[in-house]
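Colleague: Please work out how this folds:
(one chain, ligands or ions: 1)
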Amino acid sequence: MKIENIEFEKGLFLAPMAGVSDVGFREVCSNFGAEGCYSEMLSCRAMLHNAKKTELMTISSKEEKIKIGQIFGHEPDIMVKSLSNPLLDKYQIIDINMGCPAPKIVKNGEGSALMDNIPLAKEIITKCVKNSSRPISVKFRLGKDKDISLDFGRMCEECGASYVTLHARTAEQGYSGKADYDAIAKLSQKLSIPVVGNGDVVDEESYTKMLSTGVQGVMIGRGAMGRPWIFQEIFGNKFQEDKFEVAKKHLEILRKYYDEKWLTLYMRKHFLWYCAGKECSSEKRLQIATSQDLDKSLEILKQVLK
Ligand SMILES: Cc1cc2nc3c(=O)[nH]c(=O)nc-3n(C[C@H](O)[C@H](O)[C@H](O)COP(=O)(O)O)c2cc1C
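Modeller: Modelled structure (predicted):
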């Protein structure tokens, strides 16, 4: 897959995941083969006010092969302004979030609400494309409550998007049900820009199924939680080395940037994901879930993963 002069060898993307895809996670996923790494979604309005939280979310690693910054908003001019914010300088591609179903985003007319407001979605994409020297992509869902992905994808293409990503569920579905791979196949057949397929890729079998839709790229989200090695395992290369070392490295990267107190709470979920599928007593799980000490959590994780 090639986007302007940006070459993807395998077209493999780590999904944007707010509160999950931190710089440490992106780095370890990159080491296992993720090529395009998305930032967590960045508020254009917050960037206008130089919000510290947003700045922290833009910390990135030199290990990330292709850095993609995902922005969200509903005010075209503010979104255009954010494109020249130095915080976004590190990204080679800018993606616009038009798929987030979270109520606090939708109530502002952002994320998936834009699939229900085509004139505004059009204006945002057209203006961002016109005012960006970098490729602009759009990530969206099937629609609000029914499948309008083909028309929406065509609109993105007409407005100048360089590629699109389809998470093949409606906003109303949230994460329930199965991603509709037929809709992904239809979109990739009809558009002339590349389509990245997203939804439910968790192993070699589902990766192969996603590829059979004809997409040029595949994006993995939840399948990578606690399993960053999925990016090699989808090619049949089982990761049999030290999983604990991967989790430890994830934490070590974050320790360079974030304070210990915040990290202690933040890492609980990641550590629990690393334990999934492993023998781990409910007592150990509880200790991790309520931990006030990162090194103690690491020690438990070591016992579970070794
Ligand atoms: C915790 C979490 C946070 C997410 N945050 C974002 C986000 O910030 N931007 C976005 O476009 N999608 C977000 N998503 C959706 C994912 O990018 C992806 O589209 C979805 O999880 C389906 O892919 P999967 O089945 O591989 O997980 C999020 C998903 C999860 C589970």
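Colleague: and the stretch 201-306 of the chain, which residues reach the ligand?
Modeller: 201, 220-223 (Cβ under 6 Å from any ligand atom). (Glycine included, C-beta is placed from N, CA and C.)
Colleague: Adding neighbour count, write those residues out as JSON lines.
Modeller: Putting those into JSON lines (neighbours: other Cβ atoms under 10 Å) gives the following:
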{"residue": "201", "neighbour count": "26"}
{"residue": "220", "neighbour count": "26"}
{"residue": "221", "neighbour count": "21"}
{"residue": "222", "neighbour count": "17"}
{"residue": "223", "neighbour count": "19"}
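Colleague: which two of the residues you listed lie the greatest distance from each other?
Modeller: Using Cβ to Cβ, those span at most 9.2 Å, a distance reached by 201 and 222.
Colleague: got the contact list for the residue in the chain that the ligand sits nearest to?
Modeller: The nearest approach of the chain to the ligand comes at residue 221, 2.8 Å away (Cβ to the nearest ligand atom). By Cβ atoms under 8 Å, 6 or more residues apart in numbering, residue 221 lies in contact with 14-15, 17, 198.
Colleague: now do residue 228
Modeller: By Cβ under 8 Å, 6+ apart, the contact list for residue 228 reads 25, 28-29, 31-32, 34, 246, 250.
Colleague: Narrow those residues to those in helices?
Modeller: Counting by DSSP state H, the part of the contacts of residue 228 found in helices is 25, 28-29, 31, 246, 250.
Colleague: In which helix or strand does the most centrally placed residue in the chain reside?
Modeller: By Cα atoms, centre = their mean, the chain has its centre lying nearest to residue 16, at 1.6 Å. Counting by DSSP states H and E, no helix or strand carries residue 16.
Colleague: residue ranges of the strands in the stretch 201-306 of the chain, please?
Modeller: 217-220 (DSSP state E, counting those that start in this stretch).
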